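S.K.: I'll drop the sequence and a predicted model, then ask my questions.
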Number of protein chains: 2
Amino acid sequence: MPEYWQEEIAHLSLKGGRFVSEAPKETRVDHERLRTLCTSILVGVRVPEADATVVANLLAEANLCGIDTHGVIRLKLYVDRIIAGGIKVEPEIQTVRENPCTALLDGDNCLGPVGGTQAMDLAIAKAANTGIGMVAIRNCNHYGPAGHYARLATARGMIGISITNTLASMPPTGGAAPRQGNNAYSIGFPASEEPAVVVDGATSKASWGKLFLCAQEGQDLPEDCYVDSAGAPTLNPQDVMDGGGLLPFAEHKGYGLAVAFELLTGMLAAAPLDHKIPHPYKKLDVPGDNTFFMGAIDADCFAGADEFKRDMDEWVRFMRDTPRAPGVERVWLPGEKEAVTRQERFEEGIPLGENMMQELRELAQQAGVQFDI
Amino acid sequence: MPEYWQEEIAHLSLKGGRFVSEAPKETRVDHERLRTLCTSILVGVRVPEADATVVANLLAEANLCGIDTHGVIRLKLYVDRIIAGGIKVEPEIQTVRENPCTALLDGDNCLGPVGGTQAMDLAIAKAANTGIGMVAIRNCNHYGPAGHYARLATARGMIGISITNTLASMPPTGGAAPRQGNNAYSIGFPASEEPAVVVDGATSKASWGKLFLCAQEGQDLPEDCYVDSAGAPTLNPQDVMDGGGLLPFAEHKGYGLAVAFELLTGMLAAAPLDHKIPHPYKKLDVPGDNTFFMGAIDADCFAGADEFKRDMDEWVRFMRDTPRAPGVERVWLPGEKEAVTRQERFEEGIPLGENMMQELRELAQQAGVQFDI
């Protein structure tokens, strides 16, 4: 197994990750204290305070929503890449092209959440003026949860679209070499009294995380989810690590959507396509070369913003009352579990395992800041 | 089995439908003659010639591209609905709201291809001015193939997005009653020398067509694709017909996308949602109540239109050269099979089975026009 994989396995399988959710949760940490600690650690490695706050906010929000795989567990990756020179802490984000409803930005190798947030904020501002804003930003690093950016738009009463590319890991249908990334997408719709409906996903059938866990535990992979380097199905994690890949969900349908997301990001921004994106853990010292696509739509140009949100409330309640299949406790709207988890963790704190706590302690020490959560 | 289902089975299983592609193809019909015949038949039932041409063009293009389930096999549905009063032949399509890059239109119960084409043409015109055009049109009828509209944009060098809602047939994850339609979507990307890349699909795992065929042939349904009225998996077509439904592809991921497409159409247009849309075959005399969402994006506002198309060419060739999995003859780009089929049928004619020919003969007779293909 290559060294960087062991690193990623060790990293992602820290207790607190979503796919090891059966691990004991040792400590409940207040989200504000976690935000403050992450901000301090990032400032400690020379990230300007405003940017550090943006990144810390994204990480803490991911944990609050239960998306622990994209929460503070990623802080070490960001810090390691900053120290190795793979991420610029004081980027000059440039506007390459702009008109009233579109923009192409160059992130100058910025932290992903910094570039992503700036791009979505710009899309929202444009949509407030023209009804639509679409912004692509290239030359960024690790995105975080796609849904985070869609929620920036829904919080402003707009429909939000958020897409990232990522390094190639999935062969096309019938292919035997990775070509598309497990590209992530989100689209969110604001409601009035009900939580926003936020569709948030990635294009593979099963995740890298699942693979890492099977490798670590010596278990077979789930069937029909992974292929070896010849493009043949495999149950052996090692086959995947030796040049194999993930399969897209729903066969050619997932392949098609992964292609669409690759083209709406890298191709639209004249930036590296999925197969040219380096591995962020393996190549700590080179730019991540990710491109993000952000869209905001103001329903006021269509149904009317107030009518839209009111109709959303009514429809959410109708959906929630759908008769249930045998053994099912609740029919969930997309994004509703995250909203419920957020409410619970906002009040009770974010559960972090001892390994995660230890990693934060070490990051704090490395950055020369006090560990106080 | 309800009568309208028998009608739909009989209708869809005419030779020439995609899911009975093993049926003998009796006649090769020149696409121009087929266009002319369809136009004449529609004019014969009082559709204005310009609109009849638009509809005939969509149907013939679907057959040319090999999407026979959405080609001339649907002409009888359109004619029957016109005669029954379910579709207006001289609609007054109205602009409800409009700004430089968005519009909401009301189709006044028009033929789907008429409203859809007008909406996409408007989106393209807006994108030519502002970089982006997004147009929703409500109060329309049967859409046709989603990819047709995306190709209207790619033919103009733009990225095209095309979405329709449809009557509810899929329960949400964990639910036991249909709530979302098998909503169809397409997104197309223009290239220069290579054919456009066009992702075109619907959100269910298996189709109604497959169900009809199993019912007709007395076969079991494929596993994990259909549910009964209690939301439990079933292999029995009758269970699905008695209030069951289709399952979305990739479980909650397909559910999420079906929701996103429902909200971008009916909800955004303040129009009926999927569960309020009537069955177009069952209710011939009532409006179809479909909403379409059309988007066009001018790559000139991002990578630059010429650079985008040139990079697309290079990438298409790279993708086509992907090493192949065992037993695979060719790795296809999304939409490439349609482009190859179109070329072949453009030259050799469109294969139509004898039942399909007979139906066209009867439609011609009914409309009082000469059957001359």
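M.R.: Alright, I've got the coordinates.

S.K.: contacts, neighbours, all on C-alpha from now
M.R.: Noted.

S.K.: Please, where are all the strands along chain A?
M.R.: A:27-29, A:94-99, A:102-110, A:132-140, A:159-164, A:168-170, A:180-181, A:184-189, A:197-202, A:226-227, A:245-246, A:290-297, A:350-352 (DSSP state E).

S.K.: JSON lines for these, including mean pLDDT?
M.R.: Compiled in JSON lines, those are given as follows (pLDDT from 0 to 100):
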{"stretch": "strand A:27-29", "mean pLDDT": "95"}
{"stretch": "strand A:94-99", "mean pLDDT": "98"}
{"stretch": "strand A:102-110", "mean pLDDT": "98"}
{"stretch": "strand A:132-140", "mean pLDDT": "98"}
{"stretch": "strand A:159-164", "mean pLDDT": "98"}
{"stretch": "strand A:168-170", "mean pLDDT": "97"}
{"stretch": "strand A:180-181", "mean pLDDT": "98"}
{"stretch": "strand A:184-189", "mean pLDDT": "98"}
{"stretch": "strand A:197-202", "mean pLDDT": "97"}
{"stretch": "strand A:226-227", "mean pLDDT": "94"}
{"stretch": "strand A:245-246", "mean pLDDT": "95"}
{"stretch": "strand A:290-297", "mean pLDDT": "98"}
{"stretch": "strand A:350-352", "mean pLDDT": "95"}
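
S.K.: could you redo those strands as JSON lines and give each row distance to B:A103 and mean neighbour count?
M.R.: Below are these laid out as JSON lines (distance: least, C-alpha to C-alpha, whole Å; neighbours: other C-alpha atoms under 10 Å in any protein chain shown):
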{"stretch": "strand A:27-29", "distance to B:A103": "47", "mean neighbour count": "15"}
{"stretch": "strand A:94-99", "distance to B:A103": "19", "mean neighbour count": "13"}
{"stretch": "strand A:102-110", "distance to B:A103": "17", "mean neighbour count": "25"}
{"stretch": "strand A:132-140", "distance to B:A103": "11", "mean neighbour count": "29"}
{"stretch": "strand A:159-164", "distance to B:A103": "16", "mean neighbour count": "30"}
{"stretch": "strand A:168-170", "distance to B:A103": "37", "mean neighbour count": "25"}
{"stretch": "strand A:180-181", "distance to B:A103": "34", "mean neighbour count": "30"}
{"stretch": "strand A:184-189", "distance to B:A103": "19", "mean neighbour count": "27"}
{"stretch": "strand A:197-202", "distance to B:A103": "24", "mean neighbour count": "25"}
{"stretch": "strand A:226-227", "distance to B:A103": "44", "mean neighbour count": "28"}
{"stretch": "strand A:245-246", "distance to B:A103": "40", "mean neighbour count": "30"}
{"stretch": "strand A:290-297", "distance to B:A103": "12", "mean neighbour count": "31"}
{"stretch": "strand A:350-352", "distance to B:A103": "44", "mean neighbour count": "24"}
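
S.K.: Please save the CA atoms from the helix ranked longest in chain A in CSV.
M.R.: Assignment by DSSP state H gives helix A:112-130 as the longest helix of chain A. This file holds the C-alpha atoms of helix A:112-130, laid out as CSV (Å, rounded to 0.1, in the frame of the first residue of the first chain):
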residue,chain,number,x,y,z
GLY,A,112,-10.7,25.9,-0.9
PRO,A,113,-13.2,27.3,1.5
VAL,A,114,-11.8,30.9,1.0
GLY,A,115,-12.1,30.7,-2.8
GLY,A,116,-15.4,28.8,-2.7
THR,A,117,-17.0,31.2,-0.3
GLN,A,118,-15.8,34.3,-2.3
ALA,A,119,-17.2,32.7,-5.5
MET,A,120,-20.6,31.9,-4.0
ASP,A,121,-20.9,35.3,-2.3
LEU,A,122,-20.2,36.8,-5.7
ALA,A,123,-22.8,34.6,-7.4
ILE,A,124,-25.4,35.6,-4.7
ALA,A,125,-24.6,39.3,-5.2
LYS,A,126,-25.0,39.0,-8.9
ALA,A,127,-28.3,37.0,-8.5
ALA,A,128,-29.6,39.8,-6.3
ASN,A,129,-29.1,42.2,-9.2
THR,A,130,-29.9,40.2,-12.3
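
S.K.: Cheers, nothing more for now.
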